[in-house]
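> Have a look; sequence and predicted model below, questions after that.
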Amino acid sequence: MARLSGLQREVLSLYRSCLREIRNKPAVGVVLRFSAEFQKHLSVNKKDFSTVEYLLRKGHRQLEMYASPGIRNIS
């Protein structure tokens, strides 16, 4: 198996964090929402570092917002 780059490890870490946070929330559609976001960007070239870094920052911001205790559901 090929070794993962730093950005690839970061993307996987973000995905795992999203899955962990989903367990803490009662909403069912959230899993589909997070999965759809990751699926939507599968076509991004892994060598397009600026786009990958932008999407990582965006994902971390969304996860941070969703992780706040006042948020119960996203649509």
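Happy to help now that I have it.
> Convert the helix or strand bottoming out on mean pLDDT in the chain to PDB, retaining C-alpha atoms only.
Between all helices and strands in the chain, the lowest mean by mean pLDDT, DSSP states H and E belongs to helix 29-40, at a mean of 82. This file holds the C-alpha atoms of helix 29-40, laid out as PDB (Å, rounded to 0.1, in the frame of the first residue of the first chain):
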ATOM      1  CA  GLY A  29     -29.600  13.200   7.600                       C
ATOM      2  CA  VAL A  30     -26.300  14.600   8.800                       C
ATOM      3  CA  VAL A  31     -24.400  11.500   7.700                       C
ATOM      4  CA  LEU A  32     -25.700  11.900   4.200                       C
ATOM      5  CA  ARG A  33     -24.800  15.500   4.200                       C
ATOM      6  CA  PHE A  34     -21.200  14.900   5.200                       C
ATOM      7  CA  SER A  35     -20.800  12.000   2.900                       C
ATOM      8  CA  ALA A  36     -22.300  14.100   0.000                       C
ATOM      9  CA  GLU A  37     -19.800  16.900   0.700                       C
ATOM     10  CA  PHE A  38     -16.800  14.500   0.500                       C
ATOM     11  CA  GLN A  39     -18.200  12.700  -2.600                       C
ATOM     12  CA  LYS A  40     -18.800  16.000  -4.400                       C
END
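> can you pull the buried residues of that helix?
Judged by neighbour count (16 or more other Cβ atoms under 10 Å), helix 29-40 contains these buried residues: 30, 33, 34. Quick note: C-beta positions are derived from backbone N, CA and C, even for glycine.
> Please produce a markdown table containing those, extended by distance to residue 43.
Output for the buried residues of helix 29-40, formatted as a markdown table (distance: Cβ to Cβ, whole Å):
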| residue | distance to residue 43 |
| --- | --- |
| 30 | 23 |
| 33 | 19 |
| 34 | 18 |
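> Of the residues you listed, which is the nearest to residue 16?
residue 34 (11.1 Å; Cβ to Cβ).
> host element of the closest residue to the closest one other than its chain neighbours?
Leaving aside its sequence neighbours, residue 34 sits nearest to residue 18 (Cβ to Cβ, 6 or more residues apart in numbering; 4.7 Å). Element membership for residue 18, per DSSP states H and E: helix 6-23.
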